[in-house]
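Chemist: coords please:
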Amino acid sequence: MRGVRKVLIAVNGSKDVLRRGLQLAGDEKCWVTVVKVVPESAGDLDLTGVKDVADVLDGGVGRDLREIRGIAAGERALVKTRVESGAVHERILAVAAEERCDVIVLGRRERSWLRRLFGDNVVGKVISRAPCPVLVVGAGA
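Modeler: Residues are numbered from 1 along each chain as shown. Got it, this is the predicted structure:
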């Protein structure tokens, strides 16, 4: 993939997409932005029996960012991390446009036929509306 200067890696629960994206970026010597999109908070917070209140309050984002930075350090990559809130596909596309990314790297999870039929298809929405090529990394890749 010649001519790639900026890569956006959208992480979900799996960190395989991060590792694959960093390998691609390392091969091409690219700038890397890693985005994690969290749902907007809604409702009351129940802290009964919670050991790590800070982790609950930030929705585990702090832990995820530490893990992302650890993986990046292990790959000897410098990454810019962003945490966004809102509809996942919309935030990924917005960050890709703001950062002027040349490639978006996404993860894909295995889903049941029922979930494929009625569930939210983030990957499909990003692919159909992205301003640049999208590389989809399969689950467990």
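Chemist: at which residues are the strands of the chain located?
Modeler: Assigned by DSSP state E, the chain shows strands spanning 6-11, 31-38, 79-85, 103-107, 134-137.
Chemist: quick one: strands adjacent to the second one?
Modeler: Using DSSP bridges, the strands paired with strand 31-38 in its sheet are strand 6-11 (parallel), strand 79-85 (parallel).
Chemist: hey, where'd the helices end up in the protein?
Modeler: With helices called from DSSP state H, the chain shows them at 16-28, 53-57, 61-74, 88-99, 113-118, 122-129.
Chemist: for the protein, which helix or strand comes out least confident on mean pLDDT?
Modeler: helix 53-57 (a mean of 62; mean pLDDT, DSSP states H and E).
Chemist: now the terminal residues of stretch 98-112, how far apart.
Modeler: End-to-end distance for stretch 98-112: 34 Å, by CA to CA, to the nearest Å.
Chemist: all numbers from here: first residue = 16
Modeler: Shifting the count to begin at 16 puts that one at stretch 113-127.
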